[in-house]
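Chemist: Prediction below, plus the sequence it came from.
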Amino acid sequence: MHYVILRDDDTSAFTPPACLERIYRPFLDRGMPVNLAVIPEVRTDVRTPDGWLEGYLTSGRGPSTPLAPIGLAREIVEYIRGEPGYHVVQHGCHHDIFEFGGTDRVELARRLDLGAQFLGEAGLGRPRAFVAPYDRMSRAAFVEVAARFDVISTGWFEARRLPRRWWAAFALKKLLGHQHWRAGGEYLLSHPGCLLSFRRPREQMLASVRKAVEGASLTVLVMHWWEFFRGGVPDEKLIGIAHEVADWLASRQDVRVVSFDDVAKGGVPLR
């Protein structure tokens, strides 16, 4: 059996519910859970290294305040709460550049707890999984996150960024060639990059997804809702490819789409 986790990043107070609905309805209607990495209190002036506002800000509309808690956007909150197929993951706190790449454990803990508070106040519960903005985490961040969450999803792992007490488990993971592993009771999941992205050749996307899924026991497929609606304009071709992925996943009897919560409960084998 091949297991798949659908992870969508950057839902915030700026995300139009219609965008998520357009992308993910074919998945939800087939009973496939979609894990939304939600920014608890998004900073509204975050820019890329080349000076442009981040796409998750320019692809939707939100408050003009410096910081926008997800609870201010009742429409997106009620949409998420009304669809049982959505599972909320905590995505940092403000989504600053490399927000969890620092070494100040007091500040890291403050942001983690503040983020959890905003999600709870919005009625989105307390997630069991964490995704760091830009998939960047320091050793101090791993320590603080592991104290609060059961599952960490990121792009890759490096020994120099991991708690030393995890090194033996990490060495065994490397020796066995596993993508995912456990340490200190934590489930640590990597992913093969954003395979469904406007930055990739479109004619190869579906084949890339199939190769990733068929080549692993568990694959985390990462998407960003705003890439399908850059500047608020729907990318019909990219949306169509996502729906082709939904069709393909549904057609496979040996593929099961699961949530991070399923992993946290111990119901998904890691290799």
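Modeler: That came through, no problem. Only a predicted model underlies this, so the values are computations on that prediction, with no experimental measurement involved. Numbers count the residues shown, from 1 in each chain.

Chemist: Need the residues that contact stretch 235-245.
Modeler: 22-23, 26, 196, 198, 202, 205-206, 209, 221, 223, 227-229 (Cβ atoms under 8 Å, 6 or more residues apart in numbering). C-beta: built from backbone N, CA, C; applies to glycine.

Chemist: So residue 229 is in contact with residue 21, correct?
Modeler: No - contact criterion Cβ atoms under 8 Å: residue 229 and residue 21 do not qualify, at 11.5 Å.

Chemist: I'd say residue 219 and residue 211 touch.
Modeler: No - counting by Cβ under 8 Å, residue 219 stays clear of residue 211, with 9.8 Å between them.

Chemist: Who has more neighbours out of those two?
Modeler: residue 219 (25 against 14; other Cβ atoms under 10 Å).

Chemist: Tell me who's in contact with that one.
Modeler: 2-5, 191-192, 212-213.

Chemist: Redo these as a markdown table? Include distance to residue 14 and pLDDT.
Modeler: Shown next, in a markdown table, are the contacts of residue 219 (distance: Cβ to Cβ, whole Å; pLDDT from 0 to 100):
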| residue | distance to residue 14 | pLDDT |
| --- | --- | --- |
| 2 | 34 | 97 |
| 3 | 31 | 98 |
| 4 | 27 | 98 |
| 5 | 24 | 98 |
| 191 | 24 | 97 |
| 192 | 27 | 97 |
| 212 | 29 | 98 |
| 213 | 31 | 98 |
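
Chemist: Just those: which are in strands?
Modeler: With strands taken from DSSP state E, the overlap with the contacts of residue 219 comprises 2-5.

Chemist: nearest to residue 96, of those residues?
Modeler: Nearest to residue 96 out of the ones in strands among the contacts of residue 219 is residue 5 (Cβ to Cβ; 25.4 Å).

Chemist: and the spatially closest residue to that closest one that is not a sequence neighbour, what is it in contact with?
Modeler: Spatial nearest neighbour of residue 5, excluding adjacent residues (Cβ to Cβ, 6 or more residues apart in numbering): residue 220 at 4.7 Å. Going by Cβ under 8 Å, 6+ apart, residue 220 touches 4-5, 7, 153, 189-192.

Chemist: Now for these: which two are most distant?
Modeler: Applying Cβ to Cβ across the contacts of residue 220, the maximum distance is between 4 and 190, 14.1 Å.

Chemist: Phi and psi next, for the residue nearest to residue 5.
Modeler: Torsion angles at residue 220 (phi, psi; degrees, to the nearest 10) stand at phi -100, psi 110.

Chemist: Repeat that for residue 91.
Modeler: Residue torsions, per degrees, to the nearest 10, at residue 91 are phi -110, psi 80.

Chemist: residues near the closest residue to it other than its chain neighbours, how many?
Modeler: Of all residues not flanking residue 91 in the chain, residue 37 sits nearest, at 3.7 Å (Cβ to Cβ, 6+ apart). The tally of other residues near residue 37 (other Cβ under 10 Å) stands at 26.

Chemist: ok, now how distant is residue 37 from residue 104?
Modeler: Distance from residue 37 to residue 104, counting by Cβ to Cβ, to the nearest Å: 23 Å.

Chemist: can I get the CA coordinates of the helix or strand residue 140 falls within in CSV?
Modeler: Using DSSP states H and E, residue 140 sits in helix 139-146. The C-alpha coordinates for helix 139-146 follow below in CSV (Å, rounded to 0.1, in the frame of the first residue of the first chain):
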residue,chain,number,x,y,z
ARG,A,139,18.0,23.0,16.5
ALA,A,140,16.3,25.1,19.1
ALA,A,141,13.1,25.2,17.0
PHE,A,142,13.0,21.4,16.8
VAL,A,143,13.3,21.2,20.5
GLU,A,144,10.4,23.6,21.2
VAL,A,145,8.2,22.2,18.4
ALA,A,146,8.7,18.6,19.6
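
Chemist: In the stretch 101-250 of the chain, mark out all the strands, start to finish.
Modeler: For the stretch 101-250 of the chain, the strands defined by DSSP state E, counting those that start in this stretch occupy 129-131, 151-153, 181-183, 186-189, 218-224.

Chemist: Sweet, I'm off.
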